[in-house]
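Asker: for reference, the sequence and a predicted model appear below.
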Amino acid sequence: MASTAVAQTQLESSYFARKNTFSFFGAYSNDSSHILMGQARYRKLVDFGAGYSRRLYVNRIVNWQYSFEILPVALDSDPVQVDSSTTTDVYNNGKPTVTFTHVNGNPTIAACTSSTVTQTFSIYELPSLTLIGTGTTVDVFTCTRRWVIGEAISPIGFQWNFMPRKKLQPILSGHGGYMYSTQPIPTSGAGSFNFTFDVGAGFELFQSKGRSIRAEYRLHHISNHGTAQENPGIDNGAFQLTYSFGR
(Lines give C-alpha, C1' and ligand atoms only; values in the text may rest on other atoms or scores of the structure.)
Protein backbone atom coordinates (compact mmCIF):
# COMPACT_ATOMS: atom_id res chain seq x y z
CA MET A 1 0.00 0.00 0.00
CA ALA A 2 2.79 2.41 0.89
CA SER A 3 4.61 1.74 -2.38
CA THR A 4 1.37 2.28 -4.33
CA ALA A 5 0.77 5.62 -2.62
CA VAL A 6 4.34 6.74 -3.32
CA ALA A 7 4.02 5.72 -6.98
CA GLN A 8 0.75 7.62 -7.29
CA THR A 9 2.29 10.72 -5.72
CA GLN A 10 5.26 10.56 -8.07
CA LEU A 11 2.91 10.13 -11.05
CA GLU A 12 0.82 13.14 -10.11
CA SER A 13 3.92 15.27 -9.53
CA SER A 14 4.92 14.75 -13.17
CA TYR A 15 1.74 16.53 -14.35
CA PHE A 16 1.00 20.24 -14.64
CA ALA A 17 -2.48 19.53 -13.31
CA ARG A 18 -3.60 21.17 -10.08
CA LYS A 19 -6.22 19.50 -7.92
CA ASN A 20 -7.88 22.81 -6.94
CA THR A 21 -7.57 25.93 -9.08
CA PHE A 22 -8.72 29.52 -8.52
CA SER A 23 -8.71 32.08 -11.31
CA PHE A 24 -9.45 35.66 -12.33
CA PHE A 25 -10.29 36.59 -15.90
CA GLY A 26 -11.39 39.27 -18.32
CA ALA A 27 -13.20 38.77 -21.63
CA TYR A 28 -14.05 41.07 -24.55
CA SER A 29 -16.05 40.80 -27.75
CA ASN A 30 -16.25 43.66 -30.23
CA ASP A 31 -19.17 42.37 -32.28
CA SER A 32 -22.01 39.85 -32.48
CA SER A 33 -23.60 38.06 -35.44
CA HIS A 34 -25.66 35.00 -36.28
CA ILE A 35 -23.06 32.39 -35.23
CA LEU A 36 -25.28 29.82 -33.47
CA MET A 37 -28.83 31.00 -32.71
CA GLY A 38 -28.63 34.72 -31.94
CA GLN A 39 -30.17 37.33 -34.23
CA ALA A 40 -29.07 40.57 -32.50
CA ARG A 41 -26.05 42.00 -34.27
CA TYR A 42 -23.35 44.56 -33.42
CA ARG A 43 -23.39 43.86 -29.67
CA LYS A 44 -20.24 44.25 -27.59
CA LEU A 45 -19.46 42.30 -24.41
CA VAL A 46 -17.04 43.08 -21.57
CA ASP A 47 -16.80 40.60 -18.67
CA PHE A 48 -14.75 40.44 -15.49
CA GLY A 49 -15.01 37.45 -13.21
CA ALA A 50 -13.52 34.70 -11.10
CA GLY A 51 -13.59 30.94 -11.26
CA TYR A 52 -12.90 27.70 -9.46
CA SER A 53 -12.09 24.30 -10.94
CA ARG A 54 -11.65 20.86 -9.41
CA ARG A 55 -9.70 18.08 -11.06
CA LEU A 56 -11.87 15.06 -11.78
CA TYR A 57 -9.51 12.81 -13.72
CA VAL A 58 -6.01 13.01 -15.11
CA ASN A 59 -3.76 10.79 -17.20
CA ARG A 60 -0.98 11.44 -19.71
CA ILE A 61 -3.53 12.50 -22.36
CA VAL A 62 -6.07 14.69 -20.59
CA ASN A 63 -6.78 16.58 -17.38
CA TRP A 64 -10.58 16.71 -16.95
CA GLN A 65 -11.88 19.41 -14.56
CA TYR A 66 -15.19 20.65 -13.22
CA SER A 67 -15.35 24.43 -13.75
CA PHE A 68 -17.42 27.13 -12.00
CA GLU A 69 -17.43 30.81 -13.01
CA ILE A 70 -19.01 33.95 -11.56
CA LEU A 71 -19.11 37.35 -13.28
CA PRO A 72 -19.89 40.26 -10.94
CA VAL A 73 -19.39 42.60 -13.91
CA ALA A 74 -21.03 41.61 -17.22
CA LEU A 75 -21.45 44.53 -19.62
CA ASP A 76 -23.52 44.47 -22.80
CA SER A 77 -23.46 47.28 -25.39
CA ASP A 78 -26.39 47.66 -27.81
CA PRO A 79 -26.70 49.94 -30.85
CA VAL A 80 -29.49 52.48 -30.33
CA GLN A 81 -31.26 54.42 -33.06
CA VAL A 82 -32.53 57.79 -31.84
CA ASP A 83 -35.45 59.42 -33.65
CA SER A 84 -35.77 63.16 -33.02
CA SER A 85 -39.11 64.15 -34.58
CA THR A 86 -39.98 67.86 -34.94
CA THR A 87 -43.43 68.88 -36.21
CA THR A 88 -44.27 72.48 -37.19
CA ASP A 89 -47.87 73.54 -37.88
CA VAL A 90 -48.45 76.82 -39.83
CA TYR A 91 -52.05 78.13 -39.95
CA ASN A 92 -53.60 80.34 -42.66
CA ASN A 93 -55.85 82.33 -40.32
CA GLY A 94 -53.15 84.02 -38.26
CA LYS A 95 -53.01 81.50 -35.43
CA PRO A 96 -49.56 81.15 -33.83
CA THR A 97 -47.20 78.65 -35.38
CA VAL A 98 -46.99 75.48 -33.26
CA THR A 99 -43.79 73.45 -33.01
CA PHE A 100 -43.19 70.37 -30.87
CA THR A 101 -40.38 67.83 -30.71
CA HIS A 102 -40.42 64.19 -29.63
CA VAL A 103 -37.27 62.15 -29.01
CA ASN A 104 -37.38 58.37 -28.94
CA GLY A 105 -34.48 55.90 -28.77
CA ASN A 106 -34.59 52.11 -28.91
CA PRO A 107 -31.99 49.37 -29.36
CA THR A 108 -32.05 47.85 -32.84
CA ILE A 109 -31.53 44.21 -33.77
CA ALA A 110 -29.36 45.17 -36.76
CA ALA A 111 -27.20 48.21 -37.38
CA CYS A 112 -28.82 51.62 -37.01
CA THR A 113 -28.63 54.18 -39.81
CA SER A 114 -28.28 57.98 -39.77
CA SER A 115 -30.72 59.85 -42.00
CA THR A 116 -33.17 62.75 -42.23
CA VAL A 117 -36.74 62.35 -43.48
CA THR A 118 -39.01 65.36 -44.18
CA GLN A 119 -42.78 65.03 -44.68
CA THR A 120 -45.38 67.74 -45.38
CA PHE A 121 -49.10 67.50 -44.78
CA SER A 122 -52.28 69.59 -44.93
CA ILE A 123 -54.24 70.67 -41.85
CA TYR A 124 -58.04 70.56 -42.12
CA GLU A 125 -60.69 71.87 -39.76
CA LEU A 126 -63.20 69.25 -38.65
CA PRO A 127 -66.00 68.56 -39.40
CA SER A 128 -66.10 71.02 -42.31
CA LEU A 129 -62.81 69.72 -43.79
CA THR A 130 -61.76 73.32 -44.50
CA LEU A 131 -58.05 73.71 -45.30
CA ILE A 132 -56.59 75.91 -42.53
CA GLY A 133 -52.84 75.39 -42.85
CA THR A 134 -49.89 73.16 -43.59
CA GLY A 135 -47.50 71.18 -41.45
CA THR A 136 -43.99 69.77 -41.73
CA THR A 137 -42.46 66.86 -39.82
CA VAL A 138 -38.69 66.37 -39.82
CA ASP A 139 -37.36 63.06 -38.48
CA VAL A 140 -33.64 63.02 -37.74
CA PHE A 141 -32.30 59.51 -37.13
CA THR A 142 -28.93 59.25 -35.35
CA CYS A 143 -26.93 56.36 -33.94
CA THR A 144 -25.54 55.90 -30.45
CA ARG A 145 -24.88 53.11 -27.97
CA ARG A 146 -26.06 52.13 -24.53
CA TRP A 147 -24.14 50.06 -21.98
CA VAL A 148 -26.12 47.76 -19.69
CA ILE A 149 -24.49 46.24 -16.61
CA GLY A 150 -25.40 42.80 -15.31
CA GLU A 151 -24.18 39.85 -13.28
CA ALA A 152 -23.77 36.27 -14.42
CA ILE A 153 -22.97 32.86 -12.99
CA SER A 154 -22.10 29.57 -14.68
CA PRO A 155 -22.46 26.75 -12.13
CA ILE A 156 -22.19 24.01 -14.76
CA GLY A 157 -18.91 23.79 -16.62
CA PHE A 158 -16.03 21.56 -17.63
CA GLN A 159 -12.51 22.07 -18.94
CA TRP A 160 -10.21 19.62 -20.66
CA ASN A 161 -6.45 20.21 -20.73
CA PHE A 162 -4.58 17.99 -23.16
CA MET A 163 -0.97 16.82 -22.76
CA PRO A 164 -0.91 17.68 -19.01
CA ARG A 165 2.80 16.87 -18.73
CA LYS A 166 3.64 19.82 -20.97
CA LYS A 167 3.87 23.43 -19.80
CA LEU A 168 1.89 24.57 -22.86
CA GLN A 169 -1.41 22.70 -23.07
CA PRO A 170 -4.28 22.91 -25.59
CA ILE A 171 -7.64 23.29 -23.84
CA LEU A 172 -11.37 22.93 -24.52
CA SER A 173 -14.09 24.30 -22.25
CA GLY A 174 -17.84 24.65 -21.93
CA HIS A 175 -20.17 26.38 -19.44
CA GLY A 176 -23.87 26.95 -18.82
CA GLY A 177 -25.64 29.40 -16.53
CA TYR A 178 -27.66 32.59 -16.43
CA MET A 179 -27.32 36.37 -16.46
CA TYR A 180 -29.35 39.17 -14.85
CA SER A 181 -29.09 42.72 -16.24
CA THR A 182 -30.36 46.08 -15.00
CA GLN A 183 -32.28 46.58 -18.28
CA PRO A 184 -33.75 44.20 -20.86
CA ILE A 185 -31.16 43.04 -23.42
CA PRO A 186 -30.59 43.02 -26.33
CA THR A 187 -33.85 44.90 -27.14
CA SER A 188 -36.47 46.70 -25.04
CA GLY A 189 -38.94 43.84 -25.50
CA ALA A 190 -36.50 41.17 -24.35
CA GLY A 191 -35.94 40.18 -20.74
CA SER A 192 -33.55 41.21 -17.99
CA PHE A 193 -33.10 37.53 -17.09
CA ASN A 194 -31.26 35.45 -19.68
CA PHE A 195 -29.69 32.03 -19.95
CA THR A 196 -26.09 31.68 -21.14
CA PHE A 197 -23.77 29.03 -22.49
CA ASP A 198 -20.34 29.06 -24.10
CA VAL A 199 -17.83 26.72 -25.70
CA GLY A 200 -14.19 27.63 -26.08
CA ALA A 201 -10.73 26.55 -27.16
CA GLY A 202 -7.27 27.90 -26.48
CA PHE A 203 -3.99 27.29 -24.67
CA GLU A 204 -2.82 27.31 -21.06
CA LEU A 205 0.80 28.16 -20.28
CA PHE A 206 2.11 27.01 -16.90
CA GLN A 207 4.75 29.23 -15.34
CA SER A 208 5.02 26.65 -12.55
CA LYS A 209 2.82 23.83 -11.29
CA GLY A 210 0.88 26.34 -9.22
CA ARG A 211 0.55 29.28 -11.62
CA SER A 212 -0.58 29.61 -15.23
CA ILE A 213 -2.00 31.98 -17.85
CA ARG A 214 -4.80 30.87 -20.16
CA ALA A 215 -5.83 32.46 -23.47
CA GLU A 216 -8.91 31.23 -25.29
CA TYR A 217 -11.60 32.09 -27.80
CA ARG A 218 -15.20 31.39 -26.78
CA LEU A 219 -18.48 31.26 -28.66
CA HIS A 220 -20.86 32.88 -26.18
CA HIS A 221 -24.68 32.79 -26.40
CA ILE A 222 -27.28 34.80 -24.43
CA SER A 223 -31.06 34.34 -24.75
CA ASN A 224 -34.17 34.28 -22.55
CA HIS A 225 -35.55 30.99 -24.00
CA GLY A 226 -38.89 32.57 -24.83
CA THR A 227 -39.62 33.85 -21.32
CA ALA A 228 -40.08 37.44 -22.58
CA GLN A 229 -42.02 39.11 -25.39
CA GLU A 230 -38.97 39.08 -27.68
CA ASN A 231 -36.06 36.64 -27.83
CA PRO A 232 -33.60 37.65 -30.55
CA GLY A 233 -30.59 36.22 -28.66
CA ILE A 234 -26.94 37.29 -28.86
CA ASP A 235 -24.02 35.30 -30.30
CA ASN A 236 -20.55 36.67 -29.58
CA GLY A 237 -17.06 35.49 -30.27
CA ALA A 238 -15.14 36.57 -27.15
CA PHE A 239 -11.43 36.55 -26.32
CA GLN A 240 -10.71 35.66 -22.70
CA LEU A 241 -7.48 35.96 -20.70
CA THR A 242 -7.26 34.12 -17.36
CA TYR A 243 -4.71 34.03 -14.55
CA SER A 244 -4.91 30.84 -12.45
CA PHE A 245 -3.25 29.57 -9.29
CA GLY A 246 -3.66 26.64 -6.92
CA ARG A 247 -2.21 23.28 -6.07
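Answerer: Now that the structure is in, tell me what you want to look at.
Asker: got a pLDDT number for the residue nearest to the spatial centre of the chain?
Answerer: For the chain, residue 45 is the residue whose C-alpha lies nearest the centre (C-alpha atoms, centre = their mean; 4.2 Å). Residue 45 is assigned 96 on the pLDDT scale.
Asker: that one against residue 240, yeah?
Answerer: No - counting by C-beta atoms under 8 Å, residue 45 stays clear of residue 240, with 10.4 Å between them. All C-beta atoms are positioned from the backbone trio N, CA, C, and that covers glycine.
Asker: helix or strand right after the helix or strand of the chain with the lowest mean pLDDT?
Answerer: Lowest on mean pLDDT, DSSP states H and E among the helices and strands of the chain sits helix 2-13, with a mean of 52. Next along the chain after helix 2-13, taking DSSP states H and E as the criterion, comes strand 20-29.
Asker: buried ones in that next one?
Answerer: 21, 23, 25, 27, 29 (16 or more other C-beta atoms under 10 Å).
Asker: how close does the fourth one sit to residue 108?
Answerer: Going from residue 27 to residue 108 by C-beta to C-beta, to the nearest Å gives 24 Å.
Asker: swap in residue 212?
Answerer: Distance from residue 212 to residue 108, counting by C-beta to C-beta: 41 Å.
Asker: counting neighbours, go ahead and name the busier of those two.
Answerer: Legend: neighbour count by other C-beta atoms under 10 Å for residue 212 and residue 108, higher for residue 212 (23 against 18).
Asker: could you measure that one against residue 14, distance?
Answerer: To residue 14, residue 212 is 16 Å away according to C-beta to C-beta.
Asker: chain center to the lengthiest strand in the chain: distance?
Answerer: Identified as the longest strand of the chain according to DSSP state E is strand 130-162. The chain centroid and the centroid of strand 130-162 are separated by 12 Å under C-alpha atoms, centre = their mean, to the nearest Å.
Asker: I'd like to know which elements it is packed against.
Answerer: strand 44-58, strand 62-91, strand 115-125, strand 168-181, strand 193-206 (3 or more C-beta pairs under 8 Å, 6 or more residues apart in numbering; DSSP states H and E).
Asker: nearest to residue 145, of those strands?
Answerer: Closest approach to residue 145 among those (C-beta to C-beta): strand 62-91, 5.3 Å.
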